[in-house]
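S.K.: Sequence and predicted structure are below.
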Amino acid sequence: MTARRPARRRPARRPGRSRKQQESQLVTAAVVTVAAVGLIVVIVNWLLVHWWILLVVLVLSVVAGVGWWQQRAQRREWERVQQRALRYGLAQIDALTHERFEFAIRDLMHRDGCADALRVGGRGDLGADVKATDPHGRRWVIQCKHRRRGDRGSAVGTPDLQTLNGTGRPVHKGDVIVLVTNGRISNPGRDFARQQRLHLVDRRVLAQWAAGSRPLWELLPMIPPPRKPTALP
């Protein structure tokens, strides 16, 4: 009988190896933690010295947030306008304030397909209360004249049209320059408008337009031909 060879003993694991690995990992974690804390301290100290940068970032963030909120609110408003298939009666228009009248004209332009219709009226508006680009690429510059008493109020005269004429094309780069009123337009004012190629939307035309029958460019004579769309200034 052959004698069995004694089985080889496996070398015993050194108990210190795993402990060294753990210690190494702890040292690495400690170094990373110290470095991170140091970096945070450096950043905090830098911001304390340059606090104005933090203020600028905060202001810009607030402005961006407000701009985003306004765009979202305006988009929702446009959607509501489209859903309502917006229409106004003359009694409703007469009851508006001048500011709300400008917004109503803006909404009517948007209803008819002017996606960028914008109310710009106020101090320093240089004769423009509403700007818009129609689906045919034409830029519209509109001045609004609201009369609380409708056609019983004072007539819109030549001075208002002269202001519009002086800025509509040279300043606002408009293709179609329009004065809209829920009241009357004087005869001299009408003569001046014809001479200067201004378009007038009086109470009668406004009633047709606001009722939703047709877009404004189908109700006015001698509208310029379509052009390639460009962004409003």
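M.R.: Looks like it arrived, so ask away.

S.K.: Quick check on the spatially most central residue of the chain: phi, psi?
M.R.: The centroid of the chain falls nearest to residue 71 when counting by Cα atoms, centre = their mean (4.8 Å). In terms of degrees, to the nearest 10, the main-chain angles of residue 71 are phi -60, psi -40.

S.K.: And it, how far from residue 64?
M.R.: 11 Å (Cβ to Cβ, to the nearest Å). Bear in mind the C-beta positions are built from the backbone N, C-alpha and C, glycine included.

S.K.: now swap in residue 85 and tell me
M.R.: From residue 85 across to residue 64, the span is 34 Å (Cβ to Cβ).

S.K.: repeat for residue 175
M.R.: For residue 175 relative to residue 64 (Cβ to Cβ), the value is 33 Å.

S.K.: Return the backbone torsion pair for residue 193.
M.R.: The phi/psi pair for residue 193 (degrees, to the nearest 10) is phi -60, psi -40.

S.K.: residue contacts, it?
M.R.: Residue 193 is in contact with 161, 179, 185, 199-200, counting by Cβ atoms under 8 Å, 6 or more residues apart in numbering.

S.K.: same question, residue 205
M.R.: 219-220.

S.K.: Just the mean pLDDT for the helix or strand harbouring it, thanks.
M.R.: Element membership of residue 205, judged by DSSP states H and E, is helix 203-210. In this model, helix 203-210 carries a mean pLDDT of 95.

S.K.: circling back to that earlier point, of residue 175 and residue 64, who's got more company?
M.R.: residue 175 (19 against 10; other Cβ atoms under 10 Å).

S.K.: what residues are up against the nearest residue to that one once chain neighbours are set aside?
M.R.: The shortest distance from residue 175 to any non-neighbouring residue, by Cβ to Cβ, 6 or more residues apart in numbering, is to residue 138 (4.3 Å). Taking Cβ under 8 Å, 6+ apart, we find residue 138 in contact with 175-176, 217, 223-224, 226-227.

S.K.: now the residues you listed as CSV including distance to residue 208 and secondary structure?
M.R.: Shown next, in CSV, are the contacts of residue 138 (distance: Cβ to Cβ, whole Å; DSSP: H, G, I helix; E, B strand; the rest coil):
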residue, distance to residue 208, secondary structure
175, 22, coil
176, 17, strand
217, 13, helix
223, 15, coil
224, 21, coil
226, 22, coil
227, 25, coil
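
S.K.: Most neighbours of all these, which one?
M.R.: Neighbour-wise, those (other Cβ under 10 Å) top out at residue 176, 22 neighbours.

S.K.: Kindly state the beta-bridge partners for that residue.
M.R.: residue 140 (DSSP bridges).

S.K.: do you know how far it is from residue 204?
M.R.: 19 Å.

S.K.: do the same with residue 112
M.R.: Counting by Cβ to Cβ, the gap from residue 112 to residue 204 is 18 Å.
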